[in-house]
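Asker: Let me see the structure of the following:
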Amino acid sequence: MKSIGIIAFSLLSVSPFCAFGADAKANWTNNCVQCHGQDGSANTAMGRMLNAPNFTSADVQASFTDAQAFDVIKNGVIKNSESKMIAFRNLLTDDEIKALVAYLRTLKK
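Answerer: The predicted structure is shown next:
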């Protein structure tokens, strides 16, 4: 009986973390920094090679909607039959992608 209580407590204390996944800044660091940079400027070797957008620019930020950003993160980018950005649909939940879009909006200077 005591072990059932311990198992139940363990599940209840871990479940909030599972339901919400990683926070947006952690997802940015784990998935986006290599190309877009920590600050969003895309001033990285990969960012320059792929011509990644500079999300610190107000003009760049104004050039797309949240729905468009969500779609790009979820489905990736392919130009001229070449992958420019991988799709994150199998790595992030829709809620995590929405949070990532909101985080990306905070990078504008």
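Asker: rest of the way, CA atoms for contacts and neighbours
Answerer: Will do.
Asker: And for Lys79, the neighbour number?
Answerer: A total of 8 residues lie near Lys79 under the criterion other C-alpha atoms under 10 Å.
Asker: Show me what it is bridged to.
Answerer: Taking DSSP bridges as the rule, Lys79 bridges to Glu82.
Asker: Do you know the pLDDT at it?
Answerer: The model reports Lys79 with a pLDDT of 90.
Asker: quick one: it from Ala26, how far?
Answerer: Going from Lys79 to Ala26 by C-alpha to C-alpha, to the nearest Å gives 28 Å.
Asker: count of neighbours near Gly47?
Answerer: Close neighbours of Gly47, defined as other C-alpha under 10 Å, add up to 21.
Asker: Pass me the low-pLDDT residue ranges in the protein, would you?
Answerer: Residue ranges of the chain with pLDDT under 70: 1-21.
Asker: any chance you could map the helices in this protein?
Answerer: Using DSSP state H, the helices of the chain run over 2-20, 24-31, 33-36, 45-50, 58-62, 66-75, 94-105.
Asker: helices and strands around the last one, which ones?
Answerer: What that stands for is helix 94-105. Helix 94-105 makes packing contacts with helix 24-31, helix 66-75 when contacts are defined by 3 or more C-alpha pairs under 8 Å, 6 or more residues apart in numbering; DSSP states H and E.
Asker: Tell me which of the ones you listed approaches Leu107 most closely.
Answerer: Ranking these by proximity to Leu107 (C-alpha to C-alpha) places helix 24-31 first, at 11.0 Å.
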